[in-house]
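[1] Structure, please.
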Amino acid sequence: MNRGRLPWLSYLLVVTGAVLTVVPFADMVMTSFKGPDEAGTLPYRFLPRAFDLSNYRAAVHQLDLPVLFRNSVVVTTVVTGSVLLTSSLAGYALAKLRFPGRDLVFRLVLSTMMFPPFLFFVPHFLILVHWPLAGGNDLLGRGGAGLTVSIVALAVPFLVSSFGIFLTRQFMVSIPDEVLEAARIDGAGEFTVWWRIVLPQTRPVLLTLSLLTFVDAWNEYIWALLVSTANPAVMTLPVGIQLLQDYVDPTRTTPIVMAGLVLSTLPVLVLFLLLQKYYVRGVMLSGLK
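    Residues are numbered from 1 along each chain as shown. Next comes the predicted model:
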């Protein structure tokens, strides 16, 4: 009898979790179509009186959305590409190459995952401030603002991911050594082995890593806020939307903010829908390996 009830309990938990996940997003979409006198009023209305696109036009104008969107796209693309490249190279080296201290290096990589990222924000900022020959600095890194006034500063702390190295390394360990040795005997160098044999077999985990990295980089807020205080021109979407919410009357701007959030969520949602099957497969295979 208990066996018959367990599937229904599982379905109930899944449906409950799905509802709790979808309802806030649906409320955000509905609020983005509401007028300024509808948001935050009681009794609460889930559906707007009229579906008006004026909030989206206001979001594009008040948030300077094209500039924010451009900055977010550039930073996210650079970070995602760098993480995929460095993680696959380092994962291959730690999984398939023999060199002194390999296990120690891997343990050091794992140890960095125990610290929260914001713990390194101050050291990162000081390094970028004193970057030589950038932002008015001399050869010793003095006299200017360094890289903190450049869009480069938004990407530098996230170019390498210890989690990405760990994920790709765990997957690559399962690739048979015999296949790689056969390629080496045929005259293939390590780069050719990595490019032509290892990467095609790690496609599911790399697509999973790209999706996770894209979402994290797209939604990064604390570091982007810190850098944008030095140069507002490099402000990204999360920072711009939050500043609009903080400095303007929320009773009037809530629908506009929600419209901006919907627009900023669309790229992530589209990417997830396109890579969903690869994401599920990559997570399952990584866990099995």
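[2] now the strands for the protein?
    Using DSSP state E, no strands are assigned anywhere in the chain.
[3] what about the residue lying closest to Val78 once chain neighbours are set aside, distance to Thr76?
    Spatially, and ignoring its direct neighbours in sequence, Val78 is nearest to Ala155 (4.7 Å; Cβ to Cβ, 6 or more residues apart in numbering). Glycine gets a C-beta too; all of them are placed from N, C-alpha and C. According to Cβ to Cβ, to the nearest Å, Ala155 stands 9 Å off from Thr76.
[4] the more surrounded of those two?
    Thr76 (26 against 22; other Cβ atoms under 10 Å).
[5] Would you agree that one is in contact with Phe214?
    Yes - with contact defined as Cβ atoms under 8 Å, Thr76 counts as touching Phe214 (5.8 Å).
[6] Find the residues that touch each one of Ala155 and Thr76.
    By Cβ atoms under 8 Å, 6 or more residues apart in numbering, Ala155 and Thr76 have no common neighbours.
[7] Surely the residue nearest to Val78 touches Ser82?
    Yes - using Cβ under 8 Å, Ala155 is in contact with Ser82, at 7.4 Å.
[8] follow-up on the earlier one: wait, what's in contact with the residue nearest to Val78?
    Residues in contact with Ala155, defined by Cβ under 8 Å, 6+ apart, are 75, 78-79, 82.
[9] which residue is nearest the middle of the chain?
    Asp216 (2.1 Å; Cα atoms, centre = their mean).
[10] give the contact list for that one.
    Asp216 sits in contact with Phe158, where contact means Cβ under 8 Å, 6+ apart.
[11] same check, this time on Leu225
    Counting by Cβ under 8 Å, 6+ apart, Leu225 has contacts 239, 242.
[12] Grab the nearest non-local neighbour of Thr148.
    The nearest residue in space to Thr148 (Cβ to Cβ, 6+ apart) is Ala230, at 4.5 Å.
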